[in-house]
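Colleague: Attaching a predicted model along with its sequence, questions to come.
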Amino acid sequence: MNAPCAGIVGFSGRAVSAPPQDASPFPIVAIHGKRDEVVPFESLQHLADTFGGWNVATFERPHLGHGIDEDGLKTGFDFLKTHLKA
């Protein structure tokens, strides 16, 4: 039996395609640096638009390039504590 997805934490990512129409929505948190030199910062909004109607939280890191900082880690960790069941 396949367990449902509890959620996704994404750092500096991009949605490649829309989810299947029969997919069960799950929460997503996306964290992206405004100074990302690898994946364009606009990818953050693209992800939110692609998963429109789903529970998508986006967080901008104004001084961050393509990486993960302490605030991003805390955001991701807090998301996991909220959405993962023990």
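Modeller: Thanks, I have it. If you're wondering where the values come from, they're calculated on a predicted model, not measured in any experiment.

Colleague: Just give the closest residue to residue 64, not the sequence neighbours.
Modeller: residue 33 (3.0 Å; CB to CB, 6 or more residues apart in numbering). Every C-beta, even on glycine, is put in place using the N, C-alpha and C of the backbone.

Colleague: Quick check: beta-bridge partners of that neighbour?
Modeller: Beta-bridge partners for residue 33, by DSSP bridges, are residue 61.

Colleague: can you tell me which residues contact it?
Modeller: 12, 41, 60, 61, 63, 64, 65, 66, 67, 69 (CB atoms under 8 Å, 6 or more residues apart in numbering).

Colleague: can you rerun that using 6 Å?
Modeller: Residue 33 is in contact with 61, 64, 65, counting by CB atoms under 6 Å, 6 or more residues apart in numbering.

Colleague: likewise residue 47?
Modeller: 15, 30.

Colleague: Confirm that residue 48 lies within a strand, as I assumed.
Modeller: No. In this structure, residue 48 is helix, not part of a strand, as judged by DSSP: H, G, I helix; E, B strand; the rest coil.

Colleague: separation between it and residue 6?
Modeller: 19 Å (CB to CB, to the nearest Å).

Colleague: Give me the more crowded residue out of the two.
Modeller: Neighbour totals were compared for residue 48 and residue 6, and residue 48 leads with 16 against 13 (other CB atoms under 10 Å).

Colleague: could you measure the residue most central in space within the chain against residue 75, distance?
Modeller: With distances taken as CA atoms, centre = their mean, residue 30 lies nearest the centre of the chain, 2.3 Å away. Distance, residue 30 to residue 75, using CB to CB: 10 Å.

Colleague: For those two, list the residues in contact with both.
Modeller: Going by CB under 6 Å, 6+ apart, no residue sits against residue 30 while also sitting against residue 75.

Colleague: what about residue 19, how many neighbours?
Modeller: Neighbour number of residue 19 under other CB under 10 Å is 15.

Colleague: do residue 26 as well
Modeller: 15.

Colleague: about what we covered before: what remains of the contacts of residue 33 if I keep only buried residues?
Modeller: For these, a burial check counting by 16 or more other CB atoms under 10 Å picks out 61, 64.

Colleague: Return the closest of the contacts of residue 33 with respect to residue 82.
Modeller: Using CB to CB, the shortest approach to residue 82 within the contacts of residue 33 belongs to residue 61, at 19.9 Å.
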